[in-house]
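Novice: How does the following fold in three dimensions:
(chains A and B)
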Amino acid sequence: MSRPPSRRRGHRAPVAILLAVGALLTSFPFVWMLTTSVKPLGESRQYPPRVLPSEVSLASYQRLFEDLDFGRYLFNTIIVVLISFAGLLLMAMAGYGFAKFRFPGRGMLFALVLATMMIPLQVTMIPTYLLLNEAGLTNTLVGIALPALVSAFSVFLFRQFMLTIPDELLEAARLDGAGETRVFASIVLPLSRPILAVQAVLTFIAGWNSFLWPLIVANDEEKYTLAVGLSLLNQQLSVNPPLQMAGASLMVVPIVIIFVVFSRHIVRGFTMSGMK
Amino acid sequence: MTEVPPIAGTATRRAPQPAAGAVVRGGLRRGALVPYLFVGPAFVLLVVFGVVPILVAACVSVTDLDLRGLGDPATVRFIGLDNYQRLFGDAEFWSALGNTGIFIVLGVPAIIIGSLAVAIALNTSSSRFFRFLTGFYFLPAVTAVVAISLIWGYLLNGQFGLINYLLGVVGVEPVPWLSDPITAKFSVALVAVWRASGLNIVIFLAALRSILREYYEAASLDGAGEWRKIISVTVPLLRFAIFFVTVTTLIGWMQFFDEPYVLTRGGPTGATTSISLYIYQQGFQFNEFGFASAASLVLFVIIFVVTAIQLRAGRFAHE
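Specialist: Residues are numbered from 1 along each chain as shown, chains lettered A, B, ... in the order given. Purely as a prediction, here's the structure:
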């Protein structure tokens, strides 16, 4: 990391102030969300608006779980995230296969994997829905998670990482009589902990936030995820801002906590997926 | 499907290790299947949900498949290119395409200039405070778009939104942020720019940190001021990062869906309906799967062509 020239030192204070103001503005919507979520209904629509509530009321959160079905949506979201983690294993396996084996057709298969990166969800949503419908998977949590279970780019990143594992290590284990599953589970996976950590955090965020698939695949309220349930609250826009902001907080706060705890992993992961 | 037999190229591309790719009479030796078993599941999923849908869309787009056809396949008729003809004659399709074009024209420069400016500012120091600030800018990139759209919908609300109140304090008339067809385009784009900037700031920061200090020192010796250094040293050296962000941002706008869906449902009067939202509406609100498949395929071709042009242009820029 190269430090910028010291001559700039004199310019730093105004830059720092500008950036701090920008950071406050960027995060203000989240502050507004949290404070509104604990306001009594009347106060949220009062003119002039006030940033801090006069009293903290958890009534909106209570309504989300008691009158509305957000407990179920939360449960469904967690299940979808857990299913997505199975995809993590499949992607690690594929990355290992492409990195450490030579087999007929490897180049072609890998090129095909990379080619799927070019095809966006929005192009495939209609036919994928038809396929899931044919397979009887519409309106199921598996159906929600399945289309996004594996990402070509993650397979690519796993492969890049696993290329750096020395072959000798794997050969030695095989000579000791370890089967292929054993080699993968007790040597490759532990050595891949850094990339697994990055990918696990990104998988969690993507699964938790995902909107389009749950919106398309879940027909019944029984199968809604938080994102879908929340988007329906928008019909109450003019009616109940604290309720909406409580729902938004329910989605955002866990991610903010994860972000604060794992921010190094997340930023590294996104930079990797940015800069190939 | 996981046991893909090595049909093509076995003879010429025989792997060197005896275990992999060795053919024994009557079938493959056990070890030869191993790589396919590792690669297989992920590969099959990628093909089923990445490649097969394009083929399905192509087939469905020449039929009149709708909700009735879904229940009873016998009623589905082959109708040739009728769907495409109808699509190109549909004013709403062109309006959605036009909106997407406007989003691109507004959004791509805004995201690139905004993210680059913030990244350059953040890069003036590597102190703890600056790294702390980076987190704030990145936060919108990891939060759910649905939640973000709801928050902004409340902030921009015409009657009791905070933003109109603040404008009122300084004497500006209330702005119909989401209910006026023209203003709504800007509002929806603004929310997306706010969300998308975080990731690009981080990408630009990573690229900025790889620039050697010597370049700036040389520029200083030549008497270049701060602005001059940004224009003559930073921007040219970030060529690749800028190109990369341009490509991904452009494709991102062509897939623009969540913000208009939640904020405006594509309204008022279709003013914020993006091409992706148009496909969604045709498919899942009107259940016109054949027609929507035709539109999907057109979007695919557009994205494919734009990407190919950009990659070609990128190669020229590199040479």
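Novice: Going by C-alpha atoms from here, please, whenever you check contacts or count neighbours.
Specialist: Will do.
Novice: So B:P53, which state does it fall into?
Specialist: Three-state secondary structure (criterion: DSSP: H, G, I helix; E, B strand; the rest coil) places B:P53 in helix.
Novice: wait, doesn't B:V34 sit right on A:E180?
Specialist: Yes. Between B:V34 and A:E180 there is a contact at 7.5 Å, judged by CA atoms under 8 Å.
Novice: Look at these two and report which has more neighbours.
Specialist: Neighbour comparison, B:V34 and A:E180: the larger count goes to B:V34, with 20 against 15 (by other CA atoms under 10 Å in any protein chain shown).
Novice: hang on, that one in a helix?
Specialist: Yes. Judged by three-state DSSP, B:V34 forms part of a helix.
Novice: residues touching it, list them.
Specialist: Listed by CA atoms under 8 Å, 6 or more residues apart in numbering or on different chains, the contact partners of B:V34 are A:E180.
Novice: Can you tell me how far it is from A:R102?
Specialist: B:V34 is 10 Å from A:R102, where distance means CA to CA, to the nearest Å.
Novice: pLDDT below threshold where in the stretch 101-250 of chain A?
Specialist: By pLDDT under 70, the weakly predicted segments of the stretch 101-250 of chain A are A:235-239.
Novice: what's around B:N200, how many residues?
Specialist: Applying other CA under 10 Å, we find 29 other residues in the vicinity of B:N200.
Novice: What strand or helix carries the nearest residue to it once chain neighbours are set aside?
Specialist: Once flanking residues are discounted, B:N200 sits nearest to B:S115: 6.0 Å by CA to CA, 6 or more residues apart in numbering or on different chains. With elements taken from DSSP states H and E, the one containing B:S115 is helix B:91-122.
Novice: so what does that helix touch, helix or strand wise?
Specialist: Counting contacts by 3 or more CA pairs under 8 Å, 6 or more residues apart in numbering or on different chains; DSSP states H and E, helix B:91-122 is packed against helix A:12-37, helix B:128-142, helix B:181-209, helix B:239-254, helix B:275-280.
Novice: rerun that using 10 Å as the cut-off
Specialist: Counting contacts by 3 or more CA pairs under 10 Å, 6 or more residues apart in numbering or on different chains; DSSP states H and E, helix B:91-122 packs against helix A:12-37, helix B:82-88, helix B:128-142, helix B:181-209, helix B:239-254, helix B:275-280.
Novice: which one of these lies closest to A:W213?
Specialist: Smallest distance to A:W213 across those (CA to CA): 11.4 Å, for helix B:275-280.
Novice: right, quick check: the closest one against chain A, any contact?
Specialist: Yes. Applying CA under 10 Å from any CA of the partner chain, one finds that helix B:275-280 is in contact with chain A at B:I275, B:S276, B:L277, B:I279, B:Y280.
Novice: Please dump those residues into JSON lines; it should also carry distance to B:V306, pLDDT and neighbour count for every row.
Specialist: Converted to JSON lines, these look like this (distance: CA to CA, whole Å; pLDDT from 0 to 100; neighbours: other CA atoms under 10 Å in any protein chain shown):
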{"residue": "B:I275", "distance to B:V306": "15", "pLDDT": "92", "neighbour count": "28"}
{"residue": "B:S276", "distance to B:V306": "16", "pLDDT": "92", "neighbour count": "26"}
{"residue": "B:L277", "distance to B:V306": "20", "pLDDT": "94", "neighbour count": "23"}
{"residue": "B:I279", "distance to B:V306": "19", "pLDDT": "94", "neighbour count": "27"}
{"residue": "B:Y280", "distance to B:V306": "22", "pLDDT": "93", "neighbour count": "26"}
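Novice: where's the residue in chain A positioned nearest to chain B relative to A:M125, distance?
Specialist: Residue nearest to chain B within chain A (CA to the nearest CA): A:A94, separated by 4.0 Å. Going from A:A94 to A:M125 by CA to CA gives 25 Å.
Novice: sorry, back to before: using a markdown table, please lay out the helices and strands packed on helix B:91-122 together with distance to A:F262.
Specialist: A markdown table is the format used below for these (distance: least, CA to CA, whole Å):
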| stretch | distance to A:F262 |
| --- | --- |
| helix A:12-37 | 18 |
| helix B:82-88 | 47 |
| helix B:128-142 | 11 |
| helix B:181-209 | 15 |
| helix B:239-254 | 24 |
| helix B:275-280 | 33 |
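Novice: how about stretch B:67-75: buried residues?
Specialist: Within stretch B:67-75, the residues that count as buried by 16 or more other CA atoms under 10 Å in any protein chain shown are B:G69, B:L70.
Novice: Is any residue of it near chain A?
Specialist: Yes. Counting by CA under 10 Å from any CA, chain A has neighbours in stretch B:67-75: B:L70.
Novice: Can you name the residues in contact with that stretch?
Specialist: The contact list for stretch B:67-75 (CA atoms under 10 Å, 6 or more residues apart in numbering or on different chains) reads A:130, A:133-134, B:63-66, B:76-77, B:283-284, B:286-290.
Novice: rerun at 6 Å
Specialist: Counting contacts by CA atoms under 6 Å, 6 or more residues apart in numbering or on different chains, the residues outside stretch B:67-75 that touch it are B:V76, B:N287.
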